[in-house]
Structure formats: structure tokens, C-alpha cells
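Trainee: below are the sequence and a predicted model for it; my questions follow.
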Amino acid sequence: MPEPLRLSLACTLSDRTRPILDGRVAIPGVSLMALPGEPEDIFRRALRDRAFDITELSMGSHIVTTARGDAPYVGVPVFPSRAFRHSAIYVRADRGIRGAADLAGRRIGLPEYQQTAALWVRGILREHYGVDTAGIAWRTGGMEEPGSGERVALSLPPGLDVQPIGAGETLNGLLAEGALDAVVSPRPPSCFAAGAAPVQRLYPDYRSEEEAYFRATGFFPIMHCIALRKELAAAHPWLPLELFRAFAAARRLALEELRLVNVLRASLPWIAAEAEAQTRIMGGDPWPYGFRRNREEVAAMIRFAVADGLAAPAITPEDLFHSSVLDAAA
């Protein structure tokens, strides 16, 4: 028997990844060094330092680096993070912002322009609500602490107003004092959480808005994929498919646990009812893995990136993933 490959895996700990990280699901031929962490740190280290053999990766950054030809990783169509992002838009309550159309021409903060959550929000504003996102002044920076810039350098076309905030400034501080009209952030700004400033969600009943978006598009927005270093995939062409199969098995375990009610596996009293409601709205597989099932959604993300000036020329969805897994089904 050949010695297994000793590989590092960096990803966020969730019910969908825990069976891989705790060893319940093995990757054949691999001895895994599990490195759970938070996405912001994982992405920055992966893209700047090539720090991991296998990594959870921002789809926004993966599209950017693939489009310009310097991507260090190749994707596997496993999507451990998805999230609707209508809930991520926070606005000043004193600016007359009542709907998406009122964001036109405003000054809006983002942690990073390439961030996948921001990519989705701009795409939704543009295609679903008809907002001219090119006419918005986008300001990037850290939410609660001064940021360290984009995780990979960007070269944007002229005509877009995308600028970093001051070196000692934060998006939360600027929103609280009124220098920004809104922010887009997966994490709520502290001035909103504490009620310390006139800040509210653009969509207070965001679940209804997100359900309507899903019914209209069929998209449960992909945030991250699993990826491995290109040289590893070239040296071990069997590895991408084994990764896909292992993560698909881990996801099946997670979805099965939602239905276990003898002992609740998560700290939500009505988790079984929520799972049933989710099935009614989204069908029996709300976390689909596999390229063919997700190709249309990935194509939409590329379209968003091209419109944002992040990807030119346009690439195809197939370019983002290893060829051996394009037909794999979970």
C-alpha cells in the first residue's frame, strides 16, 4: 500500500464540514491535517501565502484570480457556504432609504470589493431590482477595526468609484457618524447591534424577501467552494473526485442529523419544523453539490463579476473547476 498523502485542509467548522474535520468521513489516500478557522483569515492566507493544500475559498476571489490567469487553486464543486444576503444590507434610517432603488447614487461601505457577499448584493441590486451599481460610490475597509486591504490586488476599469476608507477609519464608525449611507456586510455592524445609531436593515423582514428571490431565481447564493492547489491536482489527478465524494458524504450526514428528533443535534427547539419548512420552500436538497446542478448559478456569479469590473474577459463556469469533477453528482 502506498503511503497516504499528508495534506492540510483549512475550512470553517460547520455541520457540513465537521465529519471531515473530526475524521468520521475519510478522504481515501489522504492523511489529513485539519485546520479549522474563520473564512477571512483562511482566504487571506490561501491567496497571499498559498498556505494550504486544500482550502475553503471565496468564490468571488476564485473568479477574479481564474479570470486573470494567476489562480493558485482549482475548484471542486463542493459549496460549504451558501447564504442569502438581503439581510446583509444595513442603511441609515435618516436618509430616506426605503427600498433597493433608493441606494442608487449612495455611498456604501464594503469589507472588500471582491468579497462574495458584496458580489451577490451588487448582482441582485442590478439584475433583480434594476439599480445602477456603477453609479454607487463604494468604500472598502474593516468593519470594526481598520482593514488590511483587498486579499488579492484588483485592477478595476475606469469609471467605477471604488476607494478604500482612511487608514484609521472603520466602516462601522463611518456608518454610525453618517459618513456612509449604508454598508454591506455578512457580520452586523456593532452600531446596529447595539442600537447606537439610526441604522436598520434595508429589509427588516429579510426572510420573506430572500424566499421571494429564491422563488424567482432558484438561487441559494453560493459563497465558497472547496479548492486544492493546482500542482497537487496535476500530480494526483484522482484527488479532486475523492474530495468531492468525501464532502458529499459529510453533507449527507449533516442533513440526516436535521431530521433526528430523539435528541436534538442543534440548539434550536423547533429544528425539525424548520427543516420541514425549508423542504417545502427549497425542495429536498437545499445544499446541492456538483457542477451540473449549479452551473447556471455559477454563470450568474461570473456575469456579476464582469459587470463589476472584476473579471474581464469573461470566463466559463467550467474554467473554475477541475475537469475530472464536472460530471460528478452528489
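Mentor: Looks like it came in fine.
Trainee: what mean pLDDT does the lengthiest helix in the chain have?
Mentor: Secondary structure of the chain per DSSP state H: the longest helix is helix 239-258. Taken as a whole, helix 239-258 has a mean pLDDT of 95.
Trainee: how far does that helix sit from the chain's center?
Mentor: 19 Å (C-alpha atoms, centre = their mean, to the nearest Å).
Trainee: going forward, the N-terminal residue is numbered 7.
Mentor: Sure thing, new numbering starts at 7, so read that last one as helix 245-264.
Trainee: who's in contact with the helix or strand just after it?
Mentor: Once helix 245-264 ends, the next helix or strand along the chain (criterion: DSSP states H and E) is helix 277-288. Contacts to helix 277-288, defined as C-beta atoms under 8 Å, 6 or more residues apart in numbering, come from residues Glu217, Phe220, Arg221, Phe226, Leu264, Arg265, Val267, Leu270, Arg271, Leu274, Pro292. (Each C-beta comes from the backbone N, C-alpha and C, glycine too.)
Trainee: tell me how many other residues crowd the second one.
Mentor: So the one you mean is Phe220. Residues near Phe220, counting by other C-beta atoms under 10 Å, number 16.
Trainee: from Ala311, how far out is it?
Mentor: Counting by C-beta to C-beta, to the nearest Å, the gap from Phe220 to Ala311 is 21 Å.
Trainee: same deal with the fifth one?
Mentor: When distance is defined by C-beta to C-beta, Leu264 is 33 Å away from Ala311.
Trainee: neighbour count: the two, which is higher?
Mentor: Ala311 (25 against 20).
Trainee: right, and the more buried one touches His68 too?
Mentor: No: contact criterion C-beta atoms under 8 Å: Ala311 and His68 do not qualify, at 10.1 Å.
Trainee: the longest helix of the chain packs against which elements?
Mentor: Counting contacts by 3 or more C-beta pairs under 8 Å, 6 or more residues apart in numbering; DSSP states H and E, helix 245-264 packs against helix 24-27, strand 79-88, strand 228-235, helix 236-241, helix 277-288.
Trainee: convert the C-alpha atoms of the fourth one to CSV, please.
Mentor: Once side chains and other backbone atoms are set aside, the C-alpha atoms of helix 236-241 remain, and they are given as CSV (Å, rounded to 0.1, in the frame of the first residue of the first chain):
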residue,chain,number,x,y,z
LYS,A,236,-3.2,23.2,-8.9
GLU,A,237,0.1,21.4,-8.7
LEU,A,238,-1.4,18.8,-6.4
ALA,A,239,-4.3,18.2,-8.8
ALA,A,240,-1.8,17.8,-11.6
ALA,A,241,0.3,15.3,-9.7
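Trainee: quote the end-to-end distance of stretch 304-323.
Mentor: Stretch 304-323 has an end-to-end distance of 6 Å (C-alpha to C-alpha, to the nearest Å).
Trainee: which residues does the residue nearest the centre of the chain contact?
Mentor: With distances taken as C-alpha atoms, centre = their mean, Met229 lies nearest the centre of the chain, 2.0 Å away. Residues counted as contacts of Met229 (C-beta under 8 Å, 6+ apart) are Ser64, Met65, Phe85, Ser87, Arg88, Ala89, Thr122, Ala123, Trp126.
Trainee: go on, Glu324?
Mentor: Taking C-beta under 8 Å, 6+ apart, one finds Phe297, Leu332 in contact with Glu324.
Trainee: pLDDT value on it, please?
Mentor: For Glu324, pLDDT reads 98.
Trainee: any low-confidence regions in this protein?
Mentor: Scanning the chain for pLDDT under 70 picks out 7.
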